[in-house]
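Engineer: Build me a structure from this.
(chains A, B, C and D)
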2 protein chains.
Amino acid sequence: MPRKSDLEPLSAKSATLHDVARAAGVSLITASRALTNPKLVSEKTIARVQAAVQATGYIPNLLAGSLKSNRSRLVGGLVPALSVAQFLPTLQSLTDVLDGAGYQLMLGQMRYDDSRQDALLNAMIGRRVDGIVVTGLIRSEAARRQLVRLGTPVIETWDLTDRPLDIVVGFSHIKVGSALAGYLLGKGYGRIGIATGDDHRAQLRREGFLATVGHNVPTAVVPAPSSLALGRSALGELLRQDPALRAVACSADQLAQGVIVEAQARGLRVPDDLAVCGFGNADFAAHIVPSLTTVHVDGASIGRLAGELIIARCSGETIRERVIDVGFEIVQRQSA
Amino acid sequence: MPRKSDLEPLSAKSATLHDVARAAGVSLITASRALTNPKLVSEKTIARVQAAVQATGYIPNLLAGSLKSNRSRLVGGLVPALSVAQFLPTLQSLTDVLDGAGYQLMLGQMRYDDSRQDALLNAMIGRRVDGIVVTGLIRSEAARRQLVRLGTPVIETWDLTDRPLDIVVGFSHIKVGSALAGYLLGKGYGRIGIATGDDHRAQLRREGFLATVGHNVPTAVVPAPSSLALGRSALGELLRQDPALRAVACSADQLAQGVIVEAQARGLRVPDDLAVCGFGNADFAAHIVPSLTTVHVDGASIGRLAGELIIARCSGETIRERVIDVGFEIVQRQSA
DNA sequence: CTGTTAGCGCTTTCAC
DNA sequence: GTGAAAGCGCTAACAG
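Structural biologist: Residues are numbered from 1 along each chain as shown, chains lettered A, B, ... in the order given. Below is the predicted model of the structure:
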């Protein structure tokens, strides 16, 4: 294989449109049009240009095109952390939609830290992304003002608000908490506990839960990201607070699975001795034993909608609905 | 909040370096240096430029800088799919390292499809990424030639080869399979089955396994991505092939967990009636009951190394080792 | 249908 | 320390 013998930094100049044009015997702009807007060019010319592309191994420099046209076909995506399984379907379908339209995703991890969110936002704005998709809302006022001023399409997701920065696609965490509390109370479970992550949205669900229950309940707060191991220790903590606990509502299916494992290890039957419900409807929820009662949120739809909205805005379309509620659904299974 | 009343595409021109220079009363280039190479500029000037940046809300256009300097501070990352939990720690630590050095990650999903790999590669080369990190090896000869010609640093990961395109950071799947077979045989398990994903690397592990066992064994092949549900059905399939099966080696911890759940649902005790081992050492592996014997691979290290190597190459450093074997480790727990 | 001209916003190169 | 000029590779706007 023809390669410089050692691994020094290389700098093989790659062919430019200029080279292609010369090889095809046409002007620069004709070559450009043959590749990006073939309707304006005769078939013969197109064929010659394409042959020249092959011959020279030309790959367009999208940086240059973006600079001129002010459209980068890049979309920024911000998640708290890749390790939060919750957001993976959203990211996956977002990438798929963008990809199909020739857009690329730039990924950033915020780590539940507002200052990192600002820094990432600047890195993305600096690269002139055509839009930004963020999980949760954009918290910093400075960042909000900046984005509004620039007119960058921004899709906030996985939450809901009356005053989105631009567009929000999500659901109400307060309502989720409230619905879950109603469900458990309706089943007649008296002594309920909460195992919850310490992130903003989990806390909103907890608020909604408590508001419906009407009084405080035993609570174990665990750091993000949620995991089976944290669920196990959370149940220990909750049983210390109330040894006669009858039900546990968890802020993530991973926690719920841990609670179930720990309950079984302690000889408690689920749901007879202890009912458990989760949040997220992870892929394993339906298949563990007992199967997990949980809250389903269509994360893939959120990602798809976000991608489509960004693309629509970039194509100059006007969007009517600025607040899109995708709702949620309690999935009743064996564990509660 | 001052915003155009409806959601039409906006195009607020943002401040350029030109505006900053004028506001600071210096020349364009001095403003540029004050921001990117402050040693060359007096402190007074720096202060004035920075004030001007604040006043104008300037955010550098990295596209323009990249075009001129031919360095985008963008790194392309290719994974089979985001839903493969396996690669998340790699992606996470890669992003962290890049981020700390001012680089951004462009993400692409290959979907175990070589033609998509080629298309994504082109999209990334077109955006003049400074380097590419790919899970697995780059298969297409055309793509390999192209990348070599361009001199783009490429880190292939999660596999090993004598002839990497550029640099490879990973481990030998054949050896993993072989080690696992040795382990199970050493424990005296006679009738062993395999539950495996259909991807290339899982198949390599299977080959290594069979080579050490010395004969064919019952096998259930499931489509990617591996999940608990697929593990449950795989055990059903394996027991049909051999009702007296005593051990199952799985190509992913998610599958292994499914095999355990299914075994328990059928009244089989793990490991007494059926031994199970996984691959990946997922976060739950140590905490399920029984805890899961599996193969640990340091995915985070792979990502960190890949990031550091890319950055080193971009800084003009020469790299000696082109093949980096991070190894693996069998983690013995209760399930086998 | 094809071509010429003029930049996009920045950094490199050379001059003072 | 600072500045003027040139140009990265491409596309928008206007001509022929």
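
Engineer: Check which helices and strands the lowest-mean-pLDDT helix or strand in chain A sits against.
Structural biologist: Least confident helix or strand, chain A: helix A:141-150 with a mean of 88, by mean pLDDT, DSSP states H and E. The contact analysis (3 or more Cβ pairs under 8 Å, 6 or more residues apart in numbering or on different chains; DSSP states H and E) places helix A:141-150 against helix A:114-126. To be clear about C-beta, it is placed using only N, CA and C from the backbone, and glycine gets the same treatment.

Engineer: what about the residue in the stretch 51-200 of chain A that chain B sits nearest to, neighbour count?
Structural biologist: Proximity of the stretch 51-200 of chain A to chain B (Cβ to the nearest Cβ) peaks at residue A:151, 2.6 Å away. Close neighbours of residue A:151, defined as other Cβ atoms under 10 Å in any protein chain shown, add up to 19.

Engineer: do you know how far residue A:263 is from chain B?
Structural biologist: 11 Å (Cβ to the nearest Cβ, to the nearest Å).

Engineer: That residue contacts residue A:272, correct?
Structural biologist: No: assessed by Cβ atoms under 8 Å, residue A:263 is found out of contact with residue A:272, at 10.4 Å.

Engineer: which strands and helices sit next to the longest helix seen in chain A?
Structural biologist: In chain A, with assignment by DSSP state H, the single longest helix is helix A:299-314. Applying 3+ Cβ pairs under 8 Å, 6+ apart, one finds that helix A:299-314 makes contact with helix A:88-100, strand A:131-135, strand A:154-157, strand A:167-170.

Engineer: now these in TSV, with mean pLDDT?
Structural biologist: Output for the helices and strands packed on helix A:299-314, formatted as TSV (pLDDT from 0 to 100):
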stretch	mean pLDDT
helix A:88-100	94
strand A:131-135	96
strand A:154-157	97
strand A:167-170	97
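
Engineer: Those: which one's closest to DNA strand D?
Structural biologist: Closest approach to DNA strand D among those is made by strand A:131-135 (17.8 Å; Cβ to the nearest atom of the strand).

Engineer: could you give the angle of the closest one to helix A:88-100?
Structural biologist: Interaxial angle, strand A:131-135 versus helix A:88-100 (axes from the mean of the first three to the mean of the last three Cα atoms, to 10 degrees): 170 degrees.

Engineer: Smallest distance to DNA strand D belongs to which residue of the stretch 151-300 of chain A?
Structural biologist: For the stretch 151-300 of chain A, Cβ to the nearest atom of the strand, closest residue to DNA strand D: residue A:151, 17.6 Å.

Engineer: and the gap between that residue and residue A:167?
Structural biologist: According to Cβ to Cβ, to the nearest Å, residue A:151 stands 13 Å off from residue A:167.

Engineer: ditto for residue A:23
Structural biologist: Taking Cβ to Cβ as the measure, residue A:23 and residue A:167 are separated by 45 Å.

Engineer: can you check residue A:47 too?
Structural biologist: 43 Å.

Engineer: Settle it for me: which of those two has more neighbours?
Structural biologist: residue A:167 (23 against 12).

Engineer: Show the contacting residues for the more buried one.
Structural biologist: Going by Cβ atoms under 8 Å, 6 or more residues apart in numbering or on different chains, residue A:167 touches A:153, A:154, A:155, A:156, A:309, A:319, A:321, A:322, A:323, A:324, B:7.

Engineer: Buried among these? Make that a ChimeraX selection.
Structural biologist: A single ChimeraX command selects the buried members of the contacts of residue A:167 (16 or more other Cβ atoms under 10 Å in any protein chain shown):
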select /A:153,154,155,156,309,319,322,324 /B:7
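
Engineer: I'd like the contacts of residue A:167 as a markdown table, with distance to DNA strand C appended.
Structural biologist: What follows is the contacts of residue A:167, written out as a markdown table (distance: Cβ to the nearest atom of the strand, whole Å):
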| residue | distance to DNA strand C |
| --- | --- |
| A:153 | 19 |
| A:154 | 21 |
| A:155 | 25 |
| A:156 | 27 |
| A:309 | 25 |
| A:319 | 25 |
| A:321 | 31 |
| A:322 | 28 |
| A:323 | 32 |
| A:324 | 32 |
| B:7 | 23 |
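
Engineer: before we move on, back to that, any part of the longest helix of chain A near DNA strand D?
Structural biologist: No: for helix A:299-314, no contact with DNA strand D is found by Cβ under 7 Å from any atom of the strand; the gap never falls below 12.8 Å.

Engineer: next one: the helix or strand just after that helix to chain centre, how far?
Structural biologist: Sequence-wise, the next helix or strand beyond helix A:299-314 is strand A:323-325, with elements assigned using DSSP states H and E. Centroid separation for strand A:323-325 versus its chain: 16 Å, with Cα atoms, centre = their mean, to the nearest Å.

Engineer: coming back round to it: between residue A:263 and residue A:272, tell me which one has more neighbours.
Structural biologist: Taking neighbours as other Cβ under 10 Å, residue A:263 and residue A:272 compare with residue A:263 leading, 24 against 9.

Engineer: Show the contacting residues for the more buried one.
Structural biologist: Per Cβ under 8 Å, 6+ apart, neighbours of residue A:263: A:235, A:269, A:270, A:273, A:274, A:276.

Engineer: From residue B:68, how far off is it?
Structural biologist: For residue A:263 relative to residue B:68 (Cβ to Cβ), the value is 62 Å.

Engineer: same check, this time on residue A:304
Structural biologist: For residue A:304, the distance to residue B:68 equals 37 Å [Cβ to Cβ].

Engineer: Same question for residue A:171.
Structural biologist: In terms of Cβ to Cβ, residue A:171 sits 45 Å off from residue B:68.

Engineer: Which of the two has more residues huddled nearby?
Structural biologist: Set side by side, residue A:171 and residue B:68 show more neighbours around residue A:171, with 21 against 10, by other Cβ under 10 Å.

Engineer: Wait, that one touches residue A:160, no?
Structural biologist: Yes: counting by Cβ under 8 Å, residue A:171 does reach residue A:160; the two are 6.0 Å apart.

Engineer: Need the overlap of contacts for the two.
Structural biologist: residue A:325.

Engineer: what is the mean pLDDT for stretch A:307-319?
Structural biologist: For stretch A:307-319, mean pLDDT is 88.

Engineer: how far does it sit from the chain's center?
Structural biologist: 18 Å.

Engineer: Please list the residues outside that stretch that contact it.
Structural biologist: A:71, A:75, A:93-94, A:96-98, A:101, A:103, A:130-131, A:133, A:153, A:155, A:167, A:169, B:6-9.

Engineer: for it, which positions count as buried?
Structural biologist: A:307, A:308, A:309, A:310, A:311, A:312, A:313, A:314, A:319.

Engineer: Identify all contacting residues around the strand or helix carrying residue A:276.
Structural biologist: Residue A:276 is part of strand A:275-277 when elements are defined by DSSP H and E. Applying Cβ under 8 Å, 6+ apart, the contact partners of strand A:275-277 are A:180, A:183-184, A:187, A:189, A:246-250, A:256, A:259-260, A:263, A:270, A:292-295, A:335-336.

Engineer: Output the contacting helices and strands for the very next helix or strand once past it.
Structural biologist: Next helix or strand after strand A:275-277 toward the C-terminus (DSSP H and E): strand A:294-296. Contacts defined by 3+ Cβ pairs under 8 Å, 6+ apart place strand A:294-296 against helix A:173-186, strand A:329-331.

Engineer: Dump those to a markdown table, plus mean pLDDT, mean neighbour count and distance to DNA strand D.
Structural biologist: Output for the helices and strands packed on strand A:294-296, formatted as a markdown table (pLDDT from 0 to 100; neighbours: other Cβ atoms under 10 Å in any protein chain shown; distance: least, Cβ to the nearest atom of the strand, whole Å):
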| stretch | mean pLDDT | mean neighbour count | distance to DNA strand D |
| --- | --- | --- | --- |
| helix A:173-186 | 97 | 20 | 42 |
| strand A:329-331 | 97 | 16 | 44 |
